[in-house]
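Colleague: build me a model from this:
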Amino acid sequence: MGVAREPLKTITTVGEMQAAADAWRRAGRTIGLVPTMGFFHEGHLTLMRQARQRADIVVVSLFVNPTQFAANEDLSRYPRDFERDRAMAESVGVDVIFFPDAKEMYPAGYQTTVAAPELSQPLCGKTRPTHFAGVATVCCKLFNIVKPHFAVFGEKDYQQLLVVTRMAADLNLDLEIVPGPTVREPDGLAMSSRNVYLSPPERAQAVWLSRSLQVAADLLAEGETCRDRIVGTVWETIRVRPLARIDYVELRRLPDLAPADEEPHGKHLLALAVYFGPTRLIDNTVLSFPE
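Modeller: Residues are numbered from 1 along each chain as shown. Below is the predicted model of the structure:
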């Protein structure tokens, strides 16, 4: 018989979270962290299950981080439902939810930021120039608070995954950054907490984001290697949807996100961001061009 787990615990203060982490580490227990902003869906749960497979203690941080939202973005209306999230986390065996408020994370006088400027500039960084500094800063803080041996980040936010991985390496942080797969709805739409904003007509057209990426993969499989033809086909596939407003469709070299050559070689990220009404959705796929 397996050892019964203790009930899911909620911790709201930095001091209590650090003390718990210190005790687990002294006891030789492996800590896995899944950072989130809450309003869980199957994508989040997949990351939690991935952490559960390799950690003695799974901590999920639930914090809608104000520093990664610009003034005109959806911080105030970002979906929140703590009791729903708690029940979902408990269903997949999470041990602790770290649930601080903004004053706990950014007390009076707070002024320090962390940034990975080169990785943060392209793609989402063009229209959200302060976003990734907010992400890197809060993740650095969470790593110092929860003291995990590893942290799991989803590949749907691929630029975020690259930024956090670079930050952890550059600052010699003693943890592993573990990628988790993008989880999709049955029709292919990438799962996102912001999908709840979509009207039925917008939701019906949003599926063309993933379909356009599949079009690109099919082109590559058929022998097409021209950057402009691949990107242009994806752009046009989305542009003809009347409710879609494209922010960007770009092909970028991995892992440094440098602009793709006209005839790319090796692994590249095909990434896009598209508005449906006020809702901005992102998606991506990794394409492997002939070396």
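Colleague: any idea how far apart the tips of stretch 75-83 sit?
Modeller: The first residue of stretch 75-83 is 20 Å away from its last residue (C-alpha to C-alpha, to the nearest Å).
Colleague: who touches that stretch?
Modeller: Here stretch 75-83 makes contact (C-beta atoms under 8 Å, 6 or more residues apart in numbering) with 37, 38, 39, 62, 64, 66, 69, 99, 193, 194, 196. All C-beta atoms are positioned from the backbone trio N, CA, C, and that covers glycine.
Colleague: narrow those to those that are buried.
Modeller: Buried members of the contacts of stretch 75-83, scored by 16 or more other C-beta atoms under 10 Å, are 37, 38, 39, 62, 64, 69, 99, 193, 194.
Colleague: ok, and the closest non-adjacent residue to the first one?
Modeller: Think residue 37. Once flanking residues are discounted, residue 37 sits nearest to residue 64: 4.8 Å by C-beta to C-beta, 6 or more residues apart in numbering.
Colleague: the one you found: which element?
Modeller: Element membership of residue 64, judged by DSSP states H and E, is empty: it is in no helix or strand.
Colleague: I'd guessed it sits against residue 38; true?
Modeller: Yes: Residue 64 is within contact range of residue 38, at 6.5 Å (criterion: C-beta atoms under 8 Å).
Colleague: just checking, which helix or strand succeeds the biggest helix by length in the chain along the chain?
Modeller: In the chain, with assignment by DSSP state H, the single longest helix is helix 131-146. Going down the chain from helix 131-146, the next helix or strand is strand 150-154, by DSSP H and E.
Colleague: helices or strands up against that next one?
Modeller: strand 31-36, helix 42-54, helix 131-146, helix 158-170, strand 176-180 (3 or more C-beta pairs under 8 Å, 6 or more residues apart in numbering; DSSP states H and E).
Colleague: now the angle from it to helix 158-170?
Modeller: Calculated by axes from the mean of the first three to the mean of the last three C-alpha atoms, to 10 degrees, strand 150-154 forms an angle of 160 degrees with helix 158-170.
Colleague: my read: residue 250 touches residue 231, true?
Modeller: Yes: the pair formed by residue 250 and residue 231 meets the contact definition of C-beta under 8 Å, at 6.9 Å.
Colleague: ok, back up a step: for the buried ones among the contacts of stretch 75-83, which two are the farthest from each other?
Modeller: Spatial extent of these (C-beta to C-beta) is set by the pair 99 and 194 at 20.7 Å.
Colleague: so where do the helices sit in the protein?
Modeller: Remark: helices assigned in the chain by DSSP H are 14-26, 42-54, 82-91, 102-105, 117-120, 124-127, 131-146, 158-170, 200-206, 208-221, 227-239.
Colleague: mind listing what's buried along the longest helix of the chain?
Modeller: Neighbour-count burial for helix 131-146, counted by 16+ other C-beta under 10 Å, picks out 131-143, 145-146.
Colleague: quick one: distance of stretch 174-184 to the chain centre.
Modeller: In terms of C-alpha atoms, centre = their mean, to the nearest Å, the centre of stretch 174-184 is set 9 Å apart from its chain centre.
Colleague: which other residues reach it?
Modeller: Contact partners of stretch 174-184, identified using C-beta under 8 Å, 6+ apart, comprise 41-43, 46-47, 50-51, 143, 148-156, 161, 164-165, 168, 190-191, 210, 283-284.
Colleague: need the buried ones from the residues you listed selected in PyMOL.
Modeller: PyMOL command restricting the contacts of stretch 174-184 to the buried ones, with burial defined by 16+ other C-beta under 10 Å:
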select buried, resi 43+46+47+50+51+143+148+149+150+151+152+153+154+155+156+161+164+165+168+190+191+210+283+284
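Colleague: state the mean pLDDT of stretch 194-214.
Modeller: Stretch 194-214 carries an average pLDDT of 97.
Colleague: check which residues of that stretch are buried.
Modeller: Here stretch 194-214 shows 194-195, 197-198, 202-203, 205-206, 208-210, 212-213 as buried, counting by 16+ other C-beta under 10 Å.
Colleague: so for it, first residue to last residue, what's the gap.
Modeller: 22 Å.
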